[in-house]
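> Predicted model, plus sequence, below.
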Amino acid sequence: MRISKTIYFFFIPGLILYALFFLYPTISAIFYSFTNWDGISENFNFVGLENYEKAVTGDSVFVKSVGNNLEFMLFVVIFQTIIALIFAILLVKNTKVNYLLRALFFFPTILSSVSVAFIWTFVYDPSLGILNQLLSLIGLEFLTQNWLGNGNIAIYSLAFTQVWFHAGQMLIIFVAGLHAIPFDLYEAAKIEGATKWQTFKKVTWPLLAPSATIVIAYTTIQSFQAFDLVFAMTGGGPNNTTEIISTYIYEIAFRGYDFGYASAISVLFMAMIALITFIQFKVLRSNRVSY
Amino acid sequence: MFFRRFAVFIYAVLILIPLIMVMLTSMKTREETFQNPLGLPEAGINTDNFVSIFYEQTMAGYFVNSATVTLCSVSLTLFFASMIAYGITRLNNWKGNALFVLFSLGMMVPPQVNMVPLYSVVLNLGLTNSLLGLILVNIASTLPVAVFILTGFMKTLPKELFEASTVDGAGNWKMYAKVALPLSLPSLSATAIFLFVMHWNDLLYPLLFITDNSYKTLPLALLDFQGQYSTNYPMLFTGVLIASAPMVITYIFLQRYFVAGMTSGAVKG
């Protein structure tokens, strides 16, 4: 059947904006990464691979921020996935109470990251914060901490906030995944006398693989985007111990006016995300089962 | 059974305590927070901080900016994305697939990655300190996910519907408006909620492009409060409550749609 040529007009408005504000900037990041552009002046020079060399060999803060970013990502992916999975299983039945609880656990997701940042800055406040107050109240005074000011733990305090923020969203994805598992498989397991753990290992977990793939992939990307939270809670401090790649890019570009170098780091960042996505895709795809 | 109840109870407390604390603190004075950070507000339920934040800040202005940017961004993203989804579905050949892949690429690159070159594009077009600039950038950044969700949905619509209307002499525009859009309403509304939350809460783009107070949106204004009020948590939390109110109220009424919308956005990978 012939389709009228007017169909091509349907792409035009979207394509123009997409090209102008996504494709062009993304490609030009690669171009600028070979220059020493400061972001303001009209003149700049090509410096070859200098920016990349500097990032990989001569910039300890960049190396640190990559490490922090990976640490943050691993913490969030592991804990968020486990918590979401456990509570999805606990709340899987569609009862009224469970609906309400799922809605409650989902709630933080709709807040802005700036709001969440303020809430948790207060929770972690060394003198006013509820966390230290509670710890002293139950006699665990020795555990009180400057949660965001102590460079050894600040990145974990941030990661915990991120889990609080988004675990509910992942919980809902798991609940949807659990509901998609055919009920007769559980019946069969029951008839054959399988224990709860065996049923989980042989039925639930393998059949939940597609949901797990989505949760893990999405959490990974989300943890790379934690810019707002880190920016508003610690700004990368103390001593760059919570600097992640995106906050570092912001700093170099908009405080240091080194757009060329910031572009090079952006390109490396993109390559890292592509690599991680690829590995996940390979690993998680190989776990698929059919029934 | 006991373990189940206990675990769920702990999680619920962990979510609720910080939220209750925000509400209580927003009704306290600054001094009260220092003397009695966890207790109930001395003055009982009051709106003193609300009144003073509206007096000290151009809250109404920030609110209008946020609402304008969000409403325009959501509706235009939906409009352009549904047109593209219709185009891809109707083409149904390698050209359609290529365009689909091209748009999907955008989901893999987080906006934090290309903020530097994006900033120079916006600057060169003279779109900094402008709500229009924010809206255009917002559309481009959420177009990929919206195209992805809507195309997935439109491909499930029976082809015969379109073919029958072609025989009746309906052109593409008519078919898009009279057939594709109305039938895609469930998917459109889920996507709308997802976009609504994203745009209302966005900090990055306003942070990059807006320096003039009269164009600031709520999240950026909140971030400024941190500088102005520093540890004046009652004022900060009053700001948090005002900024979150529209989301929270809609969430309470449309809770089921929110959950569906926010997860359809997540299930994009």
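Looks like it came in fine.
> Show me which residues of the stretch 151-291 of chain A are close to chain B?
Within the stretch 151-291 of chain A, the positions near chain B by CB under 8 Å from any CB of the partner chain are A:164, A:168-170, A:172-173, A:176, A:213-214, A:217-218, A:221, A:224-225, A:227-228, A:231-232, A:246, A:249-250, A:253-254, A:259, A:262-263, A:266, A:269-270, A:273-274, A:277. All C-beta spots, glycine's among them, are computed from the backbone N, C-alpha and C.
> Buried ones in the helix or strand containing B:Val13, by neighbour count?
Per DSSP states H and E, B:Val13 falls inside helix B:2-25. For helix B:2-25, the neighbour count (16 or more other CB atoms under 10 Å in any protein chain shown) marks B:Val8, B:Tyr11, B:Ile15, B:Pro18, B:Leu19, B:Met21, B:Val22, B:Leu24, B:Thr25 as buried.
> follow-up on the earlier one: are any of the residues of the stretch 151-291 of chain A next to chain B buried, and if so which?
Among those, those buried by neighbour count (16+ other CB under 10 Å) are A:164, A:168-170, A:172-173, A:176, A:213-214, A:217-218, A:221, A:224-225, A:227-228, A:231-232, A:246, A:249-250, A:253-254, A:259, A:262-263, A:266, A:269-270, A:273.
> before we move on, back to that, so which two of the buried residues of helix B:2-25 are the farthest from each other?
Farthest-apart pair in these is B:Val8 and B:Thr25; separation 26.3 Å (CB to CB).
> give me the number of residues near B:Ala81?
By other CB atoms under 10 Å in any protein chain shown, 26 other residues sit near B:Ala81.
> shouldn't it be in contact with B:Gly152?
No. Using CB atoms under 8 Å, B:Ala81 makes no contact with B:Gly152, being 11.7 Å away.
> Have a look at chain A and report its longest helix.
Identified as the longest helix of chain A according to DSSP state H is helix A:60-90.
> one step back: so of the buried ones among the residues of the stretch 151-291 of chain A next to chain B, which ones are in strands?
Among those, no member falls in strands (DSSP state E).
> which residues in the stretch 151-269 of chain B form helices?
Here the stretch 151-269 of chain B has its helices, by DSSP state H, counting those that start in this stretch, at B:159-167, B:172-175, B:181-183, B:185-201, B:204-209, B:218-229, B:233-253, B:255-266.
> Packed most tightly, which of those would that be?
Across those, averaging neighbours per residue (mean count of other CB atoms under 10 Å in any protein chain shown) puts helix B:204-209 on top, at a mean of 23.
> What helices and strands are in contact with that helix?
helix A:227-233, helix B:115-124, helix B:131-154, helix B:218-229 (3 or more CB pairs under 8 Å, 6 or more residues apart in numbering or on different chains; DSSP states H and E).
> excluding its backbone neighbours, what's nearest residue 232?
In the absence of a named chain, chain A is used. Nearest non-adjacent residue to A:Ala232, counting by CB to CB, 6 or more residues apart in numbering or on different chains: A:Ala117, 3.6 Å away.
> that answer is for a different chain, and I need it for chain B
Excluding its sequence neighbours, the residue lying closest to B:Asn232 (CB to CB, 6+ apart) is B:Arg30, at 5.1 Å.
> how deep is the one you found tucked in, by neighbour count?
Per other CB under 10 Å, the neighbour tally for B:Arg30 reads 13.
> OK, contacts around it?
B:Asn232, B:Tyr233, B:Pro234, B:Met235 (CB atoms under 8 Å, 6 or more residues apart in numbering or on different chains).
> And for B:Ser66?
For B:Ser66, the contact set (CB under 8 Å, 6+ apart) comprises B:Trp200, B:Thr217, B:Leu218, B:Pro219, B:Ala243.
> Quick check: A:Tyr8 vs chain B, distance?
Distance check for A:Tyr8 against chain B: by CB to the nearest CB, to the nearest Å, it reads 7 Å.
> can you confirm that residue is in a strand?
No. Under the criterion used here (DSSP: H, G, I helix; E, B strand; the rest coil), A:Tyr8 is helix, not part of a strand.
> Just grab the bridge partners of the residue lying closest to A:Phe34 once chain neighbours are set aside for me.
In space, not counting the residues next to it along the chain, A:Phe34 is nearest to A:Phe46; the distance is 5.6 Å by CB to CB, 6+ apart. Assessed by DSSP bridges, A:Phe46 has beta-bridge partners A:Thr35.
> which stretches of the stretch 1-150 of chain A have low pLDDT?
For the stretch 1-150 of chain A, the stretches with pLDDT under 70 are A:1-2.
> got the phi/psi numbers for A:Ala188?
Main-chain torsions, A:Ala188, degrees, to the nearest 10: phi -60, psi -40.
> do B:Gly126 as well
B:Gly126 adopts backbone torsions of phi 70, psi 30, taken as degrees, to the nearest 10.
> next one: B:Pro158
Per-residue torsions, B:Pro158: phi -60, psi 130 (degrees, to the nearest 10).
> how near is the residue of the stretch 51-200 of chain A found nearest chain B to B:Pro219?
Of all residues in the stretch 51-200 of chain A, the one sitting closest to chain B is A:Ser112 (3.5 Å; CB to the nearest CB). Distance of A:Ser112 to B:Pro219, computed by CB to CB, to the nearest Å: 5 Å.
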